[in-house]
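Asker: just coords:
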């Protein structure tokens, strides 16, 4: 190790071999080892719920209209697959300079920073959202939701799954065949989290 | 003063001292005095213990899952975080007491809890995600455990999830691009280079730092032992090649009817390897042979394997049951006669029991009770095996291999 230019350099040695911290009993202790083991998983286990709780608590309530999808694919395991009306955005909403780009139309995103889109939403009296604009940079005002253009067209908002209690999937599937289903979504700084499904008969 | 040695070393010493008595170098009394000055360090069969702990963990989780929907989200998160922190804290406690095996097993359990916790958090907040994304996240956050803890179960778990993740990413990319050729671009997905690096570094760490205690002393690294080892190592790898080739031929010509001949083929190859091990007095080959025989024996205990070859009408269960009885009897024979590879024999026996336990009771009992009882039974077997091993060494067969191999 010491023969290599970097690992043998005085800089490296001063950091890793002479540093009092790395030679300290604390760094070599079992306690430090377990802190190193546990800190990353714990951060992820706490961060993810914290962000979602924040969105559910402080987010704006928006109702998103869903569309029926292929019934054979509707239930996969114990979650309902949801497709949204706002996933298909008419062409005229996209900025012209991007939409006319050949790579963009072909779904080739390499070299183009056009994969992440921000969809501005307008709410009607019932609180149901519709698309009022699309931009490739984060809007400063209004209610907007962040999504990604999928290779197969449409926008993926990461809201495509709704988990249901075990064994109740069949009942929900039957209930939503001829009904209008609205997803009660909370949005905070473009991030959406499903709070509930509302089935209107 | 008592010296701690491994079971293999104790066996070697017993053989050698017997020949010293025969040659008149020492008396029988001196031999016993020498043998009494050594204490065999016995560990519980780690894999059986791990299996038992995982089953109890699943039982606990099943109990929580049964009441899961009634819990508010914050309590669900608290349960997930509490279980993970509890297992890591318990591992810390064991390691402070110097019980590294127990600490490793608890960290192994914490890996499962972490994976389950990440999936449950996605479920609680209806987060749409892919299984490969879940595994990728797990691999990144569990990497410190993999790198800092020298534990075989942890290592195997990480490698297994790493391979599953790689296969998922590759399969997904292949489907997306509709190609059946290897797609190099999958290697450049966001996580991939980092994960490969972690896997490789971890593997290198394990290989070079693992000290073999087979001979009761620090010997060369595992990698060196494998690649520049003696003749039996080369036979070991040539057996691998034969098995690989045989499997490939069977996969190429696979139909429902070929599966039973394939399993019997592996069984025969395994039996041949065990015979070879007996002739050459090679414990590695014995382990390899028992692994082949064990895999095929377990496979034969499943009724559907016999689907196309039943001689009793539709009674596939009869063949499966009889195979289990014969296979179980062979394993018990090996354990009772204290033959080599005892730990693997006990593990296979536990797998066989678990397989029938699942078949007979899974549908009729609550999941939490089922898993907790199963885990407790496995732990009981592990402890009984330990006690059995501690009982009088004079009962141990001191010939090199049971059946007369030692006379040659």
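Answerer: Happy to help now that I have it. Fair warning: this is a prediction, and the values are worked out from it, not measured in the lab. Numbering: from 1, shown residues only, chains lettered A, B, ... in the order given.

Asker: only C-alpha atoms for contact and neighbour calcs from this point on.
Answerer: Will do.

Asker: Which residues belonging to stretch A:154-165 are considered buried?
Answerer: For stretch A:154-165, the buried set under the neighbour-count rule, 16 or more other CA atoms under 10 Å in any protein chain shown, comprises A:154-164.

Asker: So, low pLDDT: which residues of the stretch 251-400 of chain B?
Answerer: Residues of the stretch 251-400 of chain B meeting the criterion pLDDT under 70: B:251-256, B:310-315, B:338, B:390-400.

Asker: Point me to the residue of it nearest chain A.
Answerer: Closest contact between the stretch 251-400 of chain B and chain A, by CA to the nearest CA, is at residue B:367 (14.2 Å).

Asker: Could you report the neighbour count for the nearest residue to that residue once chain neighbours are set aside?
Answerer: For residue B:367, the nearest residue in space outside its immediate sequence neighbours is residue B:62; the separation is 6.0 Å by CA to CA, 6 or more residues apart in numbering or on different chains. Burial measure for residue B:62: 19 neighbouring residues, criterion other CA atoms under 10 Å in any protein chain shown.

Asker: Please, where are all the helices along chain A?
Answerer: A:10-16, A:20-23, A:30-58, A:71-74, A:96-99, A:102-105, A:169-175 (DSSP state H).

Asker: Now tell me which of those helices the model trusts least on average.
Answerer: Lowest mean pLDDT within those: helix A:71-74, a mean of 36.

Asker: Where does the residue nearest to residue B:367 fall, secondary structure wise?
Answerer: helix B:46-66 (DSSP states H and E).

Asker: tell me what the helix or strand following that helix is packed against?
Answerer: Moving toward the C-terminus from helix B:46-66, the next helix or strand (DSSP H and E) is helix B:73-96. With contacts defined as 3 or more CA pairs under 8 Å, 6 or more residues apart in numbering or on different chains; DSSP states H and E, the packing partners of helix B:73-96 are helix A:30-58, helix B:100-124.

Asker: most packed of those?
Answerer: Mean neighbour counts were compared across the helices and strands packed on helix B:73-96 using mean count of other CA atoms under 10 Å in any protein chain shown; the top stretch is helix B:100-124, at a mean of 22.

Asker: how about that helix against chain A, any contact?
Answerer: Yes - Helix B:100-124 lies within reach of chain A by CA under 8 Å from any CA of the partner chain, at B:114, B:117-118, B:121, B:123-124.

Asker: before we move on, back to that, tell me the spacing between the residue of the stretch 251-400 of chain B closest to chain A and residue B:374.
Answerer: 10 Å (CA to CA, to the nearest Å).

Asker: Same check on residue B:10?
Answerer: Here the criterion is CA to CA. By it, residue B:10 lies 33 Å from residue B:374.

Asker: re the thing from before, show me which of the residues of helix B:100-124 next to chain A is closest to chain A.
Answerer: Proximity of the residues of helix B:100-124 next to chain A to chain A, judged by CA to the nearest CA, is greatest for residue B:123, which lies at 6.0 Å.

Asker: so what's the closest one up against?
Answerer: Residues in contact with residue B:123, defined by CA atoms under 8 Å, 6 or more residues apart in numbering or on different chains, are residue A:163.

Asker: now residue A:198: how far from residue A:161?
Answerer: 15 Å.

Asker: Could you do residue B:123 as well?
Answerer: According to CA to CA, residue B:123 stands 9 Å off from residue A:161.

Asker: Could you do residue A:122 as well?
Answerer: Distance, residue A:122 to residue A:161, by CA to CA: 23 Å.

Asker: just residue A:62 next, same as before
Answerer: Counting by CA to CA, the gap between residue A:62 and residue A:161 amounts to 17 Å.

Asker: Spell out which residues of chain A are next to chain B.
Answerer: Looking at chain B, the residues of chain A close enough under CA under 8 Å from any CA are A:30-31, A:33-34, A:36-38, A:40-42, A:44-46, A:48-49, A:52, A:158-163, A:165, A:193-195.

Asker: ok, residue B:348 - contacts?
Answerer: Applying CA under 8 Å, 6+ apart, the residues contacting residue B:348 are B:294, B:331.
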